[in-house]
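Asks: Take this sequence and fold it.
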Amino acid sequence: MLSEKSTETVRATLPAVGAAIGDIADLFYSKLFAARPELLRDLFNRGNQNAGVQKQALAGSIAAFATHLVAHPDTRPDVMLHRIAHKHASLGVTREQYPVVHHHLFAAIAEVLGDAVTPQVGEAWDEVYWLMANALIAIEERLYAERQVLAGDVWRTWTVVGRTEETADCTTFHLSPADGAPAPSFKPGQYVSVQVELADGARQIRQYSLSRGPRSAVHSITVKRIHGPAAAGPDGEVSNHLHARTATGDTLRVSAPYGDLVLRDSAAPVLLASAGIGCTPMLSMLEHLAESGHAAPVTVLHADRSPADHALRDDHQALTHKLADASARFWYEAGAEPGDGEGLLDLGDVPVATGTTAYLCGPLPFMRAVRAQLLAKGVPASDIHYEVFGPDLWLASA
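Replies: Numbers count the residues shown, from 1 in each chain. As a prediction, the model looks like this:
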């Protein structure tokens, strides 16, 4: 792993680099997109770039990786690396792109830190970068091999064979391979990337969880239309395009399924907690549990703005009823019906079986709150798993 000499240099300079990492990330992306504008147009999420969250995630992941190497020089932060690698694989990232990132990132580091970047400092952080990059490359190439595709060749054309309006702002698109070949297998909880061509010619990509179980004859994604003001940012380019312009019979470019938050093959009790559109990977897991006859207790928890905003509510209830020992509880900020909770999800009176494995998906404040409640109920941290939609600001800051 990190050499002893570089470990001492990184340890000494980590506070300075950490303090400047936001400025470094800003400058890095400016340099990268000036030199390679097609990356912003056709690979990176322009919404996340405008909101600054991708920059935060990059900065946080580099700092977290370096901090781990210094604290645990003989190990790697594999959870973080695998999560990033799955995202990269679903986008078709290849090893050839890492030297491009290196060039612009280190130019930004040198410009921001100036004379503080001595040859020794530069060499130490170069070692950090390539340890992280080569680890990601190895994982990504293994993920491609498991899918039996060439590195980066993850895209196929799919036909929209139906669409279901779940709520005013959530629509499920049912997809089947346009060439008639079998749909690729996936694990409950995984996602696909979807690429659409927008009015300005940009081919933007977004990732959506598969919302049906893996035995379904078609793949389904449930897309929430993002309204900018409500999300404290711009309107969602891809979500609004899909809602307004994608009809049955149209085609989409869709990646192979990836994602490291997957339902474990276990007979243990399961807890599925979600908020908003975070219900989608949970529904895939729930359908699989129902279809496989899971006998241990299953606790289904969901929080939303109102019953009318709760996408796939009927599926939540119907699939829960199919299980031998399962219960579902819903919380709503407004319009709660008899039997529903009011306000935020509260585990206070929710029994959690011994040995439960928990899966969480929703906004970061929601997942932090639910995780804290689960820990307080005695669920080990190692048995609590989560999925973040968009750049992973939780893991990068952990």
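
Asks: Have a look at this protein and report its longest strand.
Replies: Determined from DSSP state E, the single longest strand within the chain is strand 155-165.

Asks: which residues sit against it?
Replies: With contact meaning Cβ atoms under 8 Å, 6 or more residues apart in numbering, strand 155-165 is reached by 92, 171-179, 195, 218-219, 246-256. (Glycine included, C-beta is placed from N, CA and C.)

Asks: mind running it again at 7 Å?
Replies: Strand 155-165 is contacted from outside by 92, 171-178, 218, 246-255, using Cβ atoms under 7 Å, 6 or more residues apart in numbering.

Asks: now stretch 67-84
Replies: When contacts are defined by Cβ under 7 Å, 6+ apart, stretch 67-84 is touched by residues 1-2, 7, 10-11, 14, 61, 64-65, 128, 131, 135-136, 139, 260, 392, 395.

Asks: redo that, cut-off 6 Å
Replies: With contact meaning Cβ atoms under 6 Å, 6 or more residues apart in numbering, stretch 67-84 is reached by 1, 2, 7, 10, 11, 135, 260, 395.

Asks: Now name the helix or strand holding the fourth one.
Replies: Taking DSSP states H and E as the criterion, residue 10 maps to helix 4-35.

Asks: following the longest strand of the chain, which helix or strand comes up?
Replies: Counting by DSSP H and E, the next helix or strand C-terminal to strand 155-165 is strand 170-177.

Asks: What count of nearby residues applies to residue 376?
Replies: 10 (other Cβ atoms under 10 Å).

Asks: And residue 272, by the same measure?
Replies: Neighbourhood size, residue 272 [other Cβ under 10 Å]: 27.

Asks: contacting residues around it?
Replies: Counting by Cβ under 6 Å, 6+ apart, residue 272 makes contact with 282, 285, 300, 359.

Asks: So which of those sit within helices?
Replies: 282, 285 (DSSP state H).

Asks: can I get the contacts of residue 272 in a markdown table with pLDDT?
Replies: A markdown table is the format used below for the contacts of residue 272 (pLDDT from 0 to 100):
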| residue | pLDDT |
| --- | --- |
| 282 | 97 |
| 285 | 98 |
| 300 | 98 |
| 359 | 97 |
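
Asks: Between which two of the contacts of residue 272 is the distance greatest?
Replies: For the contacts of residue 272, with distances taken as Cβ to Cβ, the pair at the greatest spread is 300 and 359 (10.5 Å).

Asks: Where do the strands of the protein begin and end?
Replies: Under DSSP E, the chain gives strands at 155-165, 170-177, 191-197, 203-209, 219-224, 251-255, 270-275, 298-304, 326-332, 341-342, 357-361, 384-387.

Asks: tally of neighbours for the residue lying closest to residue 120 once chain neighbours are set aside?
Replies: The shortest distance from residue 120 to any non-neighbouring residue, by Cβ to Cβ, 6 or more residues apart in numbering, is to residue 9 (5.8 Å). Other residues near residue 9 come to 22 when the count uses other Cβ under 10 Å.

Asks: And for residue 105?
Replies: 21.
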